[in-house]
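1. predicted model and sequence follow; I will ask about them next.
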Amino acid sequence: MDYLNLLLMNIHLGVRPYLVVYLSTALSWNPLQIGMIMSISGLVGVLAQTPVGGLIDISKYKRLLIIVGALIIGICSLITVLVNDFIVICATQSMASIAGTVFAPAVAAISLGIVGRKNIDKQIGRNQTFTAVGNVLAAIAIGLCSYFWGTMWIYYTIVLMSLLVVVTVFFIKEKDIDHQLARGADHERDEQAVTSNIWELITKRSTIIFIVSVILFHSANAAMLPMLGQLLSAEEPRYASAYLSACIIVAQLVMIPLGVHIGALASIMNRRPLMLIAFLILPIRGLLYTVSGNPFFLISIQVLDGIAASITGVMQIMIAADITRGTGRLNFMQGLTATALGFGTALSNLLSGYLIKYEGFNIGFISLAFLALAALGFFYFAMPETKEQEREARLVNKL
């Protein structure tokens, strides 16, 4: 699992910011075209997230799903380099988005199926830490390869990592995964867990507020790093990939120690205070991007991104687990959360593409900062504490 987390998210989420650099420098596409590609592929991924989560709930072939997803992303990466056509790249990125929807819920499900409820908080934190280490190593490799041999090596590196993911998955033993636990069900309430009402789950007040909060957060957050990549590309095209790699590395270096600590804190603290920290960081980060155009100053701001990403990476999974405990719908809920994330990301990229083209980078960052303030206010006033719900569900299960 540690080696899988080291590799897996790089081939999906880790490469997304580099797509902006590749399209703007190697192919000379304008910000609106880039925003359309990011938004369309993001929206296609949105449509796949929830059904994929439901599929993972009922499937005992979670390892196979990861393998197929990795191979699809590797093939799409090759096509992106070989063909300079808007329709083709849009199609390949959309297919990669669909394939990538498997990874996060499958890894979380396998983790729960291996370590059980008692240790899942710490395991999710551990997953986050190894993902951050992998992101640092991948950013260094991609940055160096693209600097010396060209931006197309961004995608050749992704192809290699996809193959390594396939090899790594085979070392996870099927017999070690409890598929009943992996979908958030309780053995003693198996029949009820199998027939848990999806409509009842998605209409719960805590579910609705949580999903809206995720959409608002990522509507403000998702475009900030791609916008920064475009800003650096516009100022110094030759060093754009290296600067973007530095941005990612700084954030991931922060996440490496924080992942484990956030997981440990999640086991003893309530969810809401930790999430509020992430929501508070986001508007501060957006406004700081407008203070100076110095690349090293802009890169240093990524420390805040690392803190917020560490918190949300762990807490979104734990809140989903709290809301769905005993229902057998954990991965469906993860898919629903990922759908909200993807929808927010698509909105963010579409908005940023328009703002950059017609208003400039500073207005773009300020607009996202104000959207982040609205997200903070909504979460603070509306979101209940879900850890208490999880405790109540545990008591009901015992009765």
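-> Great, that's in hand.

2. just after the helix-or-strand element of the chain with minimal mean pLDDT, pick out the following helix or strand.
-> None of the helices or strands of the chain scores lower by mean pLDDT, DSSP states H and E than helix 190-194, at a mean of 46. Where DSSP states H and E defines the elements, the next helix or strand beyond helix 190-194 is helix 198-202.

3. right, and the helix or strand after that following helix?
-> Using DSSP H and E, the helix or strand that follows helix 198-202 in sequence is helix 205-221.

4. so how far is that next one from its chain's centroid?
-> Put simply, helix 205-221 sits 14 Å off its chain's centre (C-alpha atoms, centre = their mean, to the nearest Å).

5. buried residues in it?
-> By 16 or more other C-beta atoms under 10 Å, the buried positions in helix 205-221 come out as 206-207, 209-221. For every residue, glycine as well, the C-beta is placed using N, CA and C.

6. and it, what's its mean pLDDT?
-> Helix 205-221 shows a mean pLDDT of 94.

7. which SSE is immediately downstream of that helix?
-> helix 224-235.

8. any residues touching that next one, and which ones?
-> 16-18, 20-21, 24-25, 31, 34, 38, 239-240, 243-244, 247-248, 285-286, 289, 293, 295, 298, 305, 349, 352, 356, 361, 364-365, 368 (C-beta atoms under 8 Å, 6 or more residues apart in numbering).

9. pull out the buried residues from the strand or helix carrying residue 257.
-> Assigned by DSSP H and E, residue 257 falls within helix 240-268. By 16+ other C-beta under 10 Å, the buried positions in helix 240-268 come out as 240-256, 258-260, 262-263, 265-266.

10. that one vs helix 224-235, what angle?
-> Inter-element angle recorded for helix 240-268 and helix 224-235: 160 degrees (by axes from the mean of the first three to the mean of the last three C-alpha atoms, to 10 degrees).

11. next SSE downstream of the helix or strand harbouring residue 273?
-> Element membership for residue 273, per DSSP H and E: helix 271-288. Sequence order places helix 295-300 as the next helix or strand after helix 271-288, per DSSP H and E.

12. and the helix or strand just after that following helix, what's buried?
-> Later in the chain than helix 295-300, the nearest helix or strand by DSSP H and E is helix 302-324. Neighbour counts over helix 302-324 (16+ other C-beta under 10 Å) mark 302, 304-324 as buried.

13. hmm, back to that, neighbouring contacts of the helix holding residue 273?
-> Helix 271-288 is contacted from outside by 217, 220-221, 224, 262, 265-266, 301, 304-305, 307-308, 311-312, 315, 318-319, 322, 365-366, 368-370, 372-373, 375-376, 379-380, 383-387, using C-beta under 8 Å, 6+ apart.

14. rerun at 7 Å
-> The contact list for helix 271-288 (C-beta atoms under 7 Å, 6 or more residues apart in numbering) reads 217, 220-221, 224, 265-266, 301, 304-305, 307-308, 311-312, 315, 318-319, 322, 365-366, 368-369, 372-373, 375-376, 379-380, 383, 385-387.

15. okay, buried residues for it please.
-> For helix 271-288, by 16+ other C-beta under 10 Å, it's 271-272, 274-275, 278-279, 281-283, 285-288.
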